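Peer 1: Fold the following and give me the result.
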Amino acid sequence: MLSLLLGCASISRQFWGWLSDRLGGLLTVMCGSLCQLLAMLGFLLVRSEAGLFAVATFFGLGFTGMIPAYVLAIRELFPPSEAAWRIPTLLLFSGSGMASGGWLAGLLYDRFGFYEAAFLAGLICNLANLLLVGMLVVRWYQRPQASWA
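Peer 2: Next comes the predicted model:
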């Protein structure tokens, strides 16, 4: 299942790059976050092995473009002179978030004995991310566009 997920993620990286070129980084982050939210909801609802493989495939297709899209969003939102500290900070916190998410899932499984609590926590965190990115998208499209060049 993990091999299928990672294989789909590798293939879909091209799609997310194409989408980022057309929509921009911020909207691509929002689309990727929505895909993750739907996939985690699928993991909560599915009860068969075939269903788990299908949801893992969808999750793999959805999650791979978010980190590069976040870097593009920084490029859209901030001047290039700030990239030297903003991008490493983003990568530090995104990597730490992914690592702590896996750790938290294990902790919740150890505490409750089933994965639904972990996926519910993931859904809540992803929903919070989706709301924050959605607010950034609304603010971005409501203000006059600045040119950093």
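Peer 1: Tell me if I'm right that residue 52 and residue 42 touch.
Peer 2: No - the pair residue 52 and residue 42 fails to qualify as a contact (Cβ atoms under 8 Å) at a distance of 9.0 Å. C-betas here are computed from N, CA, C, even on glycine.
Peer 1: could you point out the longest helix in the protein?
Peer 2: helix 83-112 (DSSP state H).
Peer 1: how far off helix 83-112 does the helix or strand hosting residue 121 point, in degrees?
Peer 2: Secondary structure assignment for residue 121, by DSSP states H and E: helix 116-142. For helix 116-142 and helix 83-112, the angle between their directions (axes from the mean of the first three to the mean of the last three Cα atoms, to 10 degrees) works out to 150 degrees.
Peer 1: got any ranges where the protein has weak pLDDT?
Peer 2: 145-149 (pLDDT under 70).
Peer 1: what about 80?
Peer 2: By pLDDT under 80, the low-scoring segments of the chain are 63, 143-149.
Peer 1: Need the contact partners of stretch 111-120.
Peer 2: Residues outside stretch 111-120 that contact it (Cβ atoms under 8 Å, 6 or more residues apart in numbering) are 40, 43, 44, 104, 105, 106, 108, 109.
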